[in-house]
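1. Predicted coordinates and the sequence they were generated for:
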Protein chains: 2
Amino acid sequence: MKPDHFEVTPACTAVHHLLARVGDKWTVMVVKYLGNGSMRFNELKRTIDGISQKMLTSTLRGLERDGFVTRTVFPTIPPRVDYELTDLGRDLLVPVKALGDWAIKNEQRVREARARFDAARAGKEHHSPFADAAE
Amino acid sequence: MKPDHFEVTPACTAVHHLLARVGDKWTVMVVKYLGNGSMRFNELKRTIDGISQKMLTSTLRGLERDGFVTRTVFPTIPPRVDYELTDLGRDLLVPVKALGDWAIKNEQRVREARARFDAARAGKEHHSPFADAAE
DNA sequence: CAGTATCCCCTTGGATACTG
DNA sequence: CAGTATCCAAGGGGATACTG
């Protein structure tokens, strides 16, 4: 156990925990697709290109654990499992979408700021006058 | 045909990138404290107890690069560096705060969902229904 | 004071193989 | 089909030491 004694408002902790949960590599995408209605496991896997089985599973488990999605198993052969947003999940979608709209709206400004910063940093380099690769 | 509540492709990428930036371990706290006005490096370091120099530096650099904070150096001895939110940074604070409010408002619901999930999972265990690590 | 530079551990996440 | 189990690489992040 860690004796970290934060004198930080509970707000920060709450925000950080939510962002840490929602800010991982795949959660937003899963939630967004489920926002359109319930989907099966492989349906999600096919739709979200690039996601591995392991990550889809663990992402869904996490969302299920936190009450954002429901997992419904149909004991057929082959098995079928449906995932669907709960009310809480749909509710979460509102502020997340707001952040998403902000992101889309300001993407360009961030990109420009980044370009300025990198250009300034490259200009200050005296060791290597070459263009250094930004990501 | 499939219901299409919102388009997925550009939104997901933008949202994920923003969340990945803002969802790391310290960014929210730094931005939040800077929301109260400009602060010096060590002032931030003292206030955000638990953060290392390395992480404060890299967090601030990232925020600066993306145009969310400005870094002002006073060439005195000892040196003084002020950090302050830009307009973009303040603007970002709006949807982030919305998410924060959601987090605070629904913290309990998430906690309860988690407890239910863990209880159900513990119930399915073949072995000890005893103490599972509660965080 | 405000950083850089290292070392190193731990987590995240991808690839692959196996199962009910 | 819908997972688990295992291995492994990359990078985030902490502790510490050094610097202008």
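-> Happy to help now that I have it. Numbers count the residues shown, from 1 in each chain, chains lettered A, B, ... in the order given.

2. Touching the host helix or strand of residue A:11 from outside, list them.
-> Using DSSP states H and E, residue A:11 maps to helix A:10-22. Residues from elsewhere that reach helix A:10-22, judged by Cβ atoms under 8 Å, 6 or more residues apart in numbering or on different chains: A:6, A:27-28, A:31, A:62, A:66, A:92, A:96, B:19, B:22-23, B:25, B:28-29, B:32, B:96, B:99-100, B:102-104, B:107. Bear in mind the C-beta positions are built from the backbone N, C-alpha and C, glycine included.

3. Contact residues of chain A facing DNA strand D?
-> Residues of chain A found near DNA strand D (Cβ under 7 Å from any atom of the strand) are A:40-43, A:53-54, A:57, A:60-61, A:71, A:78-81.

4. from those residues, which is closest to residue A:119?
-> residue A:54 (39.5 Å; Cβ to Cβ).

5. Need the residues of chain A next to DNA strand D in JSON lines (columns: neighbour count and pLDDT).
-> As requested, the residues of chain A next to DNA strand D are exported to JSON lines (neighbours: other Cβ atoms under 10 Å in any protein chain shown; pLDDT from 0 to 100):
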{"residue": "A:40", "neighbour count": "15", "pLDDT": "98"}
{"residue": "A:41", "neighbour count": "17", "pLDDT": "98"}
{"residue": "A:42", "neighbour count": "12", "pLDDT": "98"}
{"residue": "A:43", "neighbour count": "13", "pLDDT": "98"}
{"residue": "A:53", "neighbour count": "10", "pLDDT": "98"}
{"residue": "A:54", "neighbour count": "8", "pLDDT": "98"}
{"residue": "A:57", "neighbour count": "13", "pLDDT": "98"}
{"residue": "A:60", "neighbour count": "21", "pLDDT": "98"}
{"residue": "A:61", "neighbour count": "14", "pLDDT": "97"}
{"residue": "A:71", "neighbour count": "13", "pLDDT": "98"}
{"residue": "A:78", "neighbour count": "5", "pLDDT": "95"}
{"residue": "A:79", "neighbour count": "10", "pLDDT": "97"}
{"residue": "A:80", "neighbour count": "13", "pLDDT": "98"}
{"residue": "A:81", "neighbour count": "13", "pLDDT": "98"}
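
6. Could you tell me which of these belong to strands?
-> Judged by DSSP state E, the residues of chain A next to DNA strand D include A:40, A:71, A:80, A:81 as members of strands.

7. List the buried residues in the worst-scoring helix or strand of chain A on mean pLDDT.
-> Lowest mean confidence among the helices and strands of chain A (mean pLDDT, DSSP states H and E): helix A:10-22, at a mean of 84. Within helix A:10-22, the residues scored as buried using 16 or more other Cβ atoms under 10 Å in any protein chain shown are A:11, A:12, A:13, A:14, A:15, A:16, A:18, A:19, A:21, A:22.

8. As CSV, could you dump the C-alpha coordinates of it?
-> Taking Å, rounded to 0.1, in the frame of the first residue of the first chain, the C-alpha atoms of helix A:10-22 are listed here in CSV:
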residue,chain,number,x,y,z
PRO,A,10,-11.7,15.0,-4.0
ALA,A,11,-12.8,16.6,-7.3
CYS,A,12,-9.3,16.1,-8.7
THR,A,13,-9.2,12.5,-7.7
ALA,A,14,-12.7,11.9,-9.1
VAL,A,15,-11.8,13.6,-12.4
HIS,A,16,-8.5,11.8,-12.7
HIS,A,17,-10.0,8.4,-12.0
LEU,A,18,-12.7,9.0,-14.6
LEU,A,19,-10.2,10.3,-17.2
ALA,A,20,-7.9,7.4,-16.5
ARG,A,21,-10.7,5.0,-17.1
VAL,A,22,-12.0,6.7,-20.1
